[in-house]
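A.B. asks: show me how the following folds:
(2 chains)
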Amino acid sequence: MGIDVVEAAQRGDHEAFEALATAAGDRLFAIACLILRDRPRAEDAVQDALVHAWRELPSLRDLGRFDAWLRRLLVNACADQGRHQRRWASEVKVIHLEPTTEDGAGSLADRDQLERGFRRLKPEQRAVVVLHFYLGLPVPEIADTLGIPAGTVKSRLHYATSTLRAALEADAREPVAARGRMA
Amino acid sequence: MTEDRSVEQRISSWLLDEAPSQLPDRVLQTTFIETRATRQARTLLPRRSPMLRFSLAPFAVGAAAMALLAVGVALSLRPSTTVGPPGPAPSVSPIASEVASPTPALPALSLPGEIAPALSLPGEVAFVATVDGNADIFLMNADRSNLRRLTDDPAEDLEPTWSADGSKLFFTRRTSAGDPERSEIHVLDIATNVETALTRTGERAADPKLSPDGRSIAYEGSGPPGVFVMNADGSDQREIFTFDGYYTLLAWAPDGVSVLLRRESTHELIRVDIGSGKATTITADMEARLGILSPDGSKRIFQRSTGAGGVWVAAADGSSPRHVFGDWTSAEYPIAWLPDGAHLLLGQADGWLYVIPIDGATVTLWAQGTSAAPRPTR
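C.D. replies: Just a heads-up that it's a prediction; the model follows:
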């Protein structure tokens, strides 16, 4: 989507903004789902971010940074969703879309262990993991996207990766069937 | 488990597999109903041309270039300081067999400290633990008995540090971890259980560090971001050093008139004089002399950023350094003396605190948590 569309949206063109939002929607939803591990709250986070984007778009100075700016709004919206429900860590629903095969993305054991490790992370740590390992953003770009120091990104990545590594290495203490995986 | 795939690959594959492919149409429809009923903010700022942007922000451009250069230098000199997928976690390997499990899975609602037999250690320790998804500060005897909750607030309570007499606990209360981060420094009177906000910045005031004489607090603040100092009662707040890059406030220097920072882009240690604000880079051989003094004042512990890395112990003057534990060089983990002066509490990236004797003979899980702050007994 070109800068001219962003500029039109910035000047109040609803159709231009809706084109931008439609183009970005699927990717934003994927990011929010991965961070929050909860579809309804991910939908709320995307909606909050887009409404915020519409309202604050006139304050965006560098139109070329629209995508990064929108990602930042989404991550903040996810953090707000995380804070609104203090007990999210113990009540989170597992998103499971399609069964995987052993020659696919990973084993069922991996998925269970990563899910458990991921639940221990805070939203801001999850955001760094998703931006880095899902979107493939390098550390400086994540720092720019989130408006935090690169050192903070690195320390969050380091902590999160260590947590996930430990989860992968830990012996499961409960049977898989007891964890309530939801389709 | 597929043993030959790296952790990073497995995380990436898992995320790709878990990501949904499509945002439900109704979400966009609802969003557009709301945006069409919402006025945009009226502050349409003038956009800067590329030439104007360059002319207006030479310092920002320079800083960015310096940061990239520094990262490049750091990468070329220190392969372990990676930008991108991080390397392996700092190891607890010296006697790994004596650590039951690096990350035992506590039930979600368990309080910390319920998973191991008591240790014969004197004193009390404040620490941060996450219970029900929220970080609060707890107090527990070093022998793991008598667990008490000190704070219970919907915000995150972090970074506890004691007054010199152990009667007050300073900490950071973070209400927003997003952008902008919002936090203030509070103090809790243990006897009366009264909390008082020492800062009211509306921005970020965090990571309080009490001076050796107990009279001043150094902390990271905003407006502009940098190191601030205030009296222990919250008065006379002033900035002494403005960040020109990414820094972390580590501690007061033993001299009590300067603080130690780490420049994150290069992992250099910096000493900043409180009075003048002058910054000086610290060489690796000074790390021992700037370590944390033991309760009896005879020894220091410190973490080496070069060579063998990990935790070291030395005499109070920095002489006779001896390796205690670990091998990391690019990280700085929370570490503290226990009141007996013979054991350390070390926080690790797995979210657990470990007890380590300074002879390094054994490593014992202490509790799930971080930022341990042993309570002074004097």
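A.B. asks: name the helices or strands packed onto the helix or strand where B:Thr196 lies?
C.D. replies: Under the assignment given by DSSP states H and E, the secondary-structure element containing B:Thr196 is strand B:194-197. Helices and strands in packing contact with strand B:194-197 are listed as strand B:182-189; criterion 3 or more Cβ pairs under 8 Å, 6 or more residues apart in numbering or on different chains; DSSP states H and E. C-beta: built from backbone N, CA, C; applies to glycine.
A.B. asks: one step back: from the chain's centre, how far out does the strand holding B:Thr196 sit?
C.D. replies: Per Cα atoms, centre = their mean, to the nearest Å, the displacement of strand B:194-197 from the mean C-alpha position of its chain is 22 Å.
A.B. asks: per-residue confidence averaged over it?
C.D. replies: Strand B:194-197 comes out with an average pLDDT of 94.
A.B. asks: buried stuff in that strand?
C.D. replies: Judged by neighbour count (16 or more other Cβ atoms under 10 Å in any protein chain shown), strand B:194-197 contains these buried residues: B:Glu195.
A.B. asks: what sits up against it?
C.D. replies: B:151, B:173, B:184-189, B:234 (Cβ atoms under 8 Å, 6 or more residues apart in numbering or on different chains).
A.B. asks: most surrounded residue in those?
C.D. replies: B:Ile185 (28 neighbours; other Cβ atoms under 10 Å in any protein chain shown).
A.B. asks: isn't it up against B:Lys209?
C.D. replies: No - B:Ile185 lies out of contact with B:Lys209 (Cβ atoms under 8 Å); the separation is 10.5 Å.
A.B. asks: between these two, which contacts overlap?
C.D. replies: With contacts taken as Cβ under 8 Å, 6+ apart, the residues that reach both B:Ile185 and B:Lys209 are B:217, B:219.
A.B. asks: returning to that earlier point: after the strand holding B:Thr196 comes which helix or strand?
C.D. replies: Taking DSSP H and E, what comes next after strand B:194-197 is strand B:205-210.
A.B. asks: now the angle from that next one to strand B:182-189?
C.D. replies: Counting by axes from the mean of the first three to the mean of the last three Cα atoms, to 10 degrees, strand B:205-210 points 40 degrees away from the direction of strand B:182-189.
A.B. asks: strand B:205-210 near chain A at all?
C.D. replies: No - contact check for strand B:205-210 against chain A, using Cβ under 8 Å from any Cβ of the partner chain: none in range, with a minimum separation of 11.8 Å.
A.B. asks: centre of the chain to whatever helix or strand comes next after that strand, how far?
C.D. replies: Tracing the chain C-terminally past strand B:205-210 and defining elements by DSSP H and E, one meets strand B:216-221 next. Between the centre of strand B:216-221 and the centre of its host chain there is 14 Å, according to Cα atoms, centre = their mean.
A.B. asks: partner strands of whichever helix or strand comes after strand B:216-221, parallel or antiparallel?
C.D. replies: Reading on from strand B:216-221 to the C-terminus, the next helix or strand found by DSSP H and E is strand B:226-231. Partners of strand B:226-231 in the sheet, by DSSP bridges, are strand B:216-221 (antiparallel), strand B:238-242 (antiparallel).
A.B. asks: okay, the ones you listed, which one's buried deepest?
C.D. replies: Stretch with highest mean neighbour count among the strands paired with strand B:226-231: strand B:216-221 (a mean of 24; mean count of other Cβ atoms under 10 Å in any protein chain shown).
A.B. asks: continuing past the helix of greatest length in chain A, what's the next helix or strand?
C.D. replies: If you go by DSSP state H, chain A has its longest helix at helix A:14-36. Counting by DSSP H and E, the next helix or strand C-terminal to helix A:14-36 is helix A:39-56.
A.B. asks: most proximal residue of chain A with respect to chain B?
C.D. replies: A:Gly151 (2.6 Å; Cβ to the nearest Cβ).
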